[in-house]
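Task: produce atomic coordinates for the following.
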Amino acid sequence: MIAPSTMHPIIERARSEGRAVLNEVEAVELLEQAGICLVATRLAVSCVDAVAACRELGFPVALKIASPDIIHKSEAGGIRLGLEKTGQVETVFLALIEETGRRFPMARIQGVYVQPMAPPGTEVIIGMKKDAQFGPVLMFGLGGVWVEVLKDFSLRVTPITRRDAAEMVREIKGYPLLAGYRGREPVDTGCLEDTLLAVGRLAQEHPAIKEIDLNPVIAGAGGAVAVDARVVLEDLP
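Below you'll find the predicted structure:
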């Protein structure tokens, strides 16, 4: 395993604050530095912040509740998509804060994440989880709401080669959806392989990372971009 001489500053800051989970802005920054393509993400703590982020990123946008206590934002009702006007953003920002606080009174609400809408494509999941025996294990499969339903995924122990990554993409049952099913344009599987390789390298180079979850990754003919990122750190000794 490759061990860096110093801990990554983002990981070091989180651990110094006693946090085991990076916030989404931190996760995006860490993963982008590793060569992974993600949707730009801004944290808004007020309506003014949210509107400013929308003007910077461009409409349409998605808003997602920011809370370390809410992992599955869609199931918690914490996501709104396709907002096209500042008035909508202001209304939805306040509604997300109020509704989440009412439904999850114990949750720590840090604000709302603002993201530009990703282009349409096929949703896949790419992840990594430390195994007590094998170490970092990579996962690839159909993403979004289909992960729990279909359980269609492939696994490899890191480190992996380009050939391993290509096999992971092609051995899932849902691969025809990626290859161009019934006239659909095939996705850029090379970009998915690049992402798998980058996640594997990140896990090898930073042993403090316990889990990485990119779900969904929107894959299309022109590439792939992750719209939701979660990074969990090992427990402090």
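
Check which residues of the helix or strand containing Arg163 are buried.
Element membership of Arg163 [criterion: DSSP states H and E] is helix 162-170. Of all the residues in helix 162-170, those buried under the rule 16 or more other Cβ atoms under 10 Å are Asp164, Ala165, Ala166, Met168, Val169. The C-beta positions use only the backbone N, C-alpha and C, and glycine is treated the same way.

which residues touch the second one?
The one in question is Ala165. Leu192, Glu193, Asp194, Leu196, Leu197 (Cβ atoms under 8 Å, 6 or more residues apart in numbering).

Among those residues, name the buried ones.
Counted by 16+ other Cβ under 10 Å, the contacts of Ala165 give Leu192, Glu193, Asp194, Leu196, Leu197 as buried.

Assign the second one to helix, strand or coil.
The three-state label given to Glu193 by DSSP: H, G, I helix; E, B strand; the rest coil is helix.

okay, the closest residue to it other than its chain neighbours: pLDDT?
Of all residues not flanking Glu193 in the chain, Ala165 sits nearest, at 3.9 Å (Cβ to Cβ, 6 or more residues apart in numbering). Looking at Ala165, its pLDDT reads 98.

Repeat that for the one 10 residues further on.
Reading off the per-residue confidence, Tyr175 sits at a pLDDT of 93.

Help me confirm that it comes into contact with Ala166.
No. Under the criterion of Cβ atoms under 8 Å, Tyr175 is not in contact with Ala166, lying 11.0 Å apart.

hang on, the earlier thing: give me the buried positions along the helix or strand that the helix holding Arg163 is followed by.
Remark: after helix 162-170, the chain's next helix or strand is helix 175-179, criterion DSSP H and E. Residues of helix 175-179 classed as buried by neighbour count (16+ other Cβ under 10 Å): Leu177, Leu178.

Figure out how far helix 175-179 is from the centre of its chain.
21 Å (Cα atoms, centre = their mean, to the nearest Å).

tell me what that helix is packed against?
When contacts are defined as 3 or more Cβ pairs under 8 Å, 6 or more residues apart in numbering; DSSP states H and E, helix 175-179 packs onto strand 122-131, helix 189-205.

now the ones you listed as TSV including mean pLDDT?
Below are the helices and strands packed on helix 175-179 laid out as TSV (pLDDT from 0 to 100):
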stretch	mean pLDDT
strand 122-131	95
helix 189-205	97
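
Compare those and give me the one nearest Lys73.
Closest approach to Lys73 among those is made by strand 122-131 (14.9 Å; Cβ to Cβ).

what lines up beside the closest one in the sheet?
Its sheet considered, strand 122-131 pairs with strand 135-142 (antiparallel), strand 209-220 (antiparallel) by DSSP bridges.

any idea how far it is from the chain center?
For strand 122-131, the distance to the chain centre is 9 Å (Cα atoms, centre = their mean).

now swap in stretch 214-228 and tell me
That offset, for stretch 214-228, works out to 9 Å (Cα atoms, centre = their mean).

Next, the residues that contact it from outside, please.
Here stretch 214-228 has contacts from 24, 31, 36-39, 62, 64, 73, 115, 118-127, 143-144, 147, 178, 185-188, 191-192, 195, 199, 213, 229, using Cβ under 8 Å, 6+ apart.

Now do the strands in this protein.
For the chain, the strands defined by DSSP state E cover 42-44, 61-66, 79-83, 111-116, 122-131, 135-142, 153-157, 209-220, 223-226, 229-233.
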